[in-house]
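# need a 3D model of the sequence below.
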Amino acid sequence: MMTSSNTPTAEAGVIGEVTRHCVMTRTRRISRVVTGIYDQALRPHGVNASQFSLLVLIAKLGGASRAEIGRANYQDRSTLTRNLAPLLSEGWVEEIPSEAGGRSRPVFISEAGKELLVIAAPAWRSAQAKARELLGEEGITAIVSVADSLPPDEPASL
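This is a model prediction of the structure:
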């Protein structure tokens, strides 16, 4: 059993270890800062960084089921549903019943969504330049390399 005299030392050890070495903590900090840059740039267009990124993914996939989008974006179903809701309500994406019938309703980018991407592209480019300046070419290269080497499966399978 841990005594009260051991607790501060143990806590200090964990806090110090996490503070100095935790990959997740640092990755999340970088993500929040970079996401903030894109959120600020895209805000005048009524879209945030996550929504813009998801819209681009759906456009790239050319129509996909929610499960396919979730796998491609490393998101669980509930997170994807929450992130898709504003895109559907704004009319930037559409769920179209499958020609094969059944319950499948692939998600496609709408004409309004395509227009939004074109209109918001300069803001995205501005945010991209700020992010590049913040992270430097070495940082960008490292992030792209890691992102491109992630396995296509869900993170839980790693």
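
# how about the helices in the protein?
With helices called from DSSP state H, the chain shows them at 7-21, 23-42, 49-61, 66-72, 77-89, 111-149.

# and the longest one, how far out from the chain middle?
Put plainly, it is helix 111-149. 12 Å (C-alpha atoms, centre = their mean, to the nearest Å).

# next, the buried residues of it.
For helix 111-149, a neighbour-count test (16 or more other C-beta atoms under 10 Å) marks 113, 116-117, 120, 123-124, 127, 131, 135 as buried. C-beta: built from backbone N, CA, C; applies to glycine.

# at the geometric centre of this protein, which residue do we find?
Taking C-alpha atoms, centre = their mean, the centroid of the chain lies closest to residue 50, which sits 5.2 Å from it.

# retrieve the pLDDT associated with it.
The model reports residue 50 with a pLDDT of 94.

# how about it, what does it touch?
Residues near residue 50 by C-beta atoms under 8 Å, 6 or more residues apart in numbering: 35, 83.

# least confident of the helices of the chain, on average?
Note on those: helix 7-21 shows the lowest mean pLDDT, a mean of 79.

# quick check: which helices or strands does that one pack against?
Judged by 3 or more C-beta pairs under 8 Å, 6 or more residues apart in numbering; DSSP states H and E, helix 7-21 is in contact with no other helix or strand.

# just how off-centre is it within its chain?
Distance, centroid of helix 7-21 to centroid of chain: 30 Å (C-alpha atoms, centre = their mean).

# returning to what we had before: nearest to residue 32, of the buried residues of helix 111-149?
Set against residue 32, the nearest of these by C-beta to C-beta is residue 131 (12.5 Å).

# who's in contact with that closest one?
With contacts defined as C-beta under 8 Å, 6+ apart, the neighbours of residue 131 are 34, 37-38, 140.

# can we see that at 7 Å?
Applying C-beta atoms under 7 Å, 6 or more residues apart in numbering, we find residue 131 in contact with 34, 37.
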